[in-house]
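Colleague: Kindly return the folded structure for what I paste below:
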Amino acid sequence: MTEHESLSVVNSSRQFLSFILAGEEYATDILKVQEIRDWTNATIVPNGPDYVEGVTNLRGQIIPIINLRTRFSLPKDNDLKNRIVIVLNIDDGQKTRLMGLLVDAFAETYDINEDEIKAAPSKISVIDDEFIIGLASADDKMLILLDVDELLTSKELTPTINDNVA
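Modeller: Okay, the predicted model is just below:
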């Protein structure tokens, strides 16, 4: 086998950042992650959806904070002091903007081969199927891989947050 031929058999892999939400481990493409921050109280936006915790100022840029527990109709956790915000670069097809996800905790980063990502069975989760890239096994556990671009630009979120705040 020549050097050129050996390069063509290398599997393509992607890195994912995983986080905990109501005891389950979810992950998103690490290239979408701008930073991870400790939770601090956000400024409440009147008449916003219940899953929008508010907005925060990140080095001069106002970003909305989405509570994923509320967004996915998971049990409420009033203990926000140990939670984190994952700041993501979201591409809605027209422009890129920053948004924050309020989650329970950071878990880990994983390298996952593209061929190891399996399609999720329909209605596998409380999360709409359109927000799930697929499922992957990592360290003897199953990760739900989220499409944050789709999740954070969904029709119900876009007019409320993106037009009025960011």
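
Colleague: Which residue ranges of the protein form helices?
Modeller: Secondary structure of the chain (DSSP state H): helices at 3-8, 68-71, 148-151.

Colleague: Summarise which helices and strands the second one is packed against.
Modeller: The elements that helix 68-71 packs onto, with contact taken as 3 or more Cβ pairs under 8 Å, 6 or more residues apart in numbering; DSSP states H and E, are strand 96-103. Backbone N, C-alpha and C define where each C-beta goes, glycine included.

Colleague: Outside of the strand it packs on itself, list whatever touches it.
Modeller: For strand 96-103, contacts defined as Cβ atoms under 8 Å, 6 or more residues apart in numbering pick out 19-21, 26, 34, 37, 39, 53, 56, 58, 61, 63-69, 80, 83-90, 148, 152, 161-162, 166.

Colleague: which residue sits closest to T109, ignoring its sequence neighbours?
Modeller: Of all residues not flanking T109 in the chain, L17 sits nearest, at 5.3 Å (Cβ to Cβ, 6 or more residues apart in numbering).

Colleague: S122 now?
Modeller: D129 (5.8 Å).

Colleague: and what of D38?
Modeller: I84 (6.2 Å).

Colleague: ranking the helices of the chain by mean pLDDT, which is last?
Modeller: If you rank the helices of the chain by mean pLDDT, helix 3-8 sits at the bottom with a mean of 49.

Colleague: Now do the strands in this structure.
Modeller: For the chain, the strands defined by DSSP state E cover 13-21, 24-29, 33-38, 52-58, 61-67, 84-91, 96-103, 105-113, 132-138, 141-146.

Colleague: Next, the buried residues of the last one.
Modeller: In this case it means strand 141-146. Neighbour-count burial for strand 141-146, counted by 16 or more other Cβ atoms under 10 Å, picks out L143, I144, L145, L146.

Colleague: ok now do G134, which residues does it touch?
Modeller: Residues near G134 by Cβ under 8 Å, 6+ apart: I117, K118, A119, A120, L145.

Colleague: okay, and for the protein, where does confidence drop off?
Modeller: Where the chain drops to pLDDT under 70, the residues are 1-11, 80-81, 123-127, 154-166.

Colleague: redo that, cut-off 50
Modeller: Within the chain, the segments meeting pLDDT under 50 span 1, 4, 6-8, 159-166.
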